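> Quick one, structure for this:
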Amino acid sequence: MTSAPVRIAGILLAAGASRRFGAANKLLSEIDGAPLIRRSAEALISTQALAPLVVVVRPGADDVRAALAGLPVLFAVNADADEGIASSIRTGLRSIEDDARAVLIAQADMPNLTARSIAALATAFVARAGNAIVAPRGPSGRIGTPIIWPASDRPHLAALTGDTGARPLVQARRDAIVTVDVSDDAAFADIDTPADLAAWRQTQGLADDD
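Numbering: from 1, shown residues only. Alright, predicted model coming up:
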């Protein structure tokens, strides 16, 4: 008899206010022909390692929903989005069934997120019988995101508060984290400001067309 596959649920955090980006929503910025939010979601979906993928959005985020039209995602509305990232994590967790062995939490504003990197994390998690915290580690030793959290850590994630996300939990559990090495710390780059976006496009040899 073959064992059932390990089910990893995904949470894509897309409920930020994008205040540092100005009037525009950074998640709708075009990244190589697609909105940043769609690029992130497609990277997660294409690994076929996550079921379901829950996208946490702010109330009234019709533009973000439209950017993801046609993709097999579930939406969870965070009515408390202004409280910070932790509230979005809690909202996403409430949308995931209890039988998920793990949850992968990803930020939607990371343009270097790839299906290959997500698949490497999922493979490492499965190889450890689905009982490990798995995170990417850059050459500098920095622990980045996304991170896979086993079901046993769901209560700790649900207890998070503030706008630092799971960082306090990462620091507290660092000795228990299994790391997957990535070749460049730039894999953890996120887009917070128009200058961040322009700099990223420059590194990729893309025109700054916003």
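> Helices along this structure, start to end?
Ranges of helices in the chain, per DSSP state H, are 36-46, 62-67, 85-94, 115-127, 154-158, 167-172, 194-204.
> Switch these over to a markdown table; also include distance to Ala15 and mean neighbour count.
C-beta here means a position set from N, CA and C on the backbone, and glycine is covered the same way. Listed next are these as a markdown table, based on distance: least, Cβ to Cβ, whole Å; neighbours: other Cβ atoms under 10 Å:
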| stretch | distance to Ala15 | mean neighbour count |
| --- | --- | --- |
| helix 36-46 | 11 | 22 |
| helix 62-67 | 9 | 15 |
| helix 85-94 | 5 | 22 |
| helix 115-127 | 20 | 18 |
| helix 154-158 | 16 | 14 |
| helix 167-172 | 17 | 15 |
| helix 194-204 | 19 | 15 |
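> among the ones you listed, which is nearest Val178?
Among the helices of the chain, the nearest to Val178 by Cβ to Cβ is helix 115-127 (5.9 Å).
> Tell me the bridge partners for the most centrally placed residue in the chain.
In the chain, the C-alpha nearest the mean C-alpha coordinate belongs to Ala106, at 0.8 Å (Cα atoms, centre = their mean). Note on Ala106: beta-bridge partners Leu12, judged by DSSP bridges.
> Among the helices of the chain, which comes closest to Val55?
Closest to Val55 of the helices of the chain is helix 36-46 (Cβ to Cβ; 6.6 Å).
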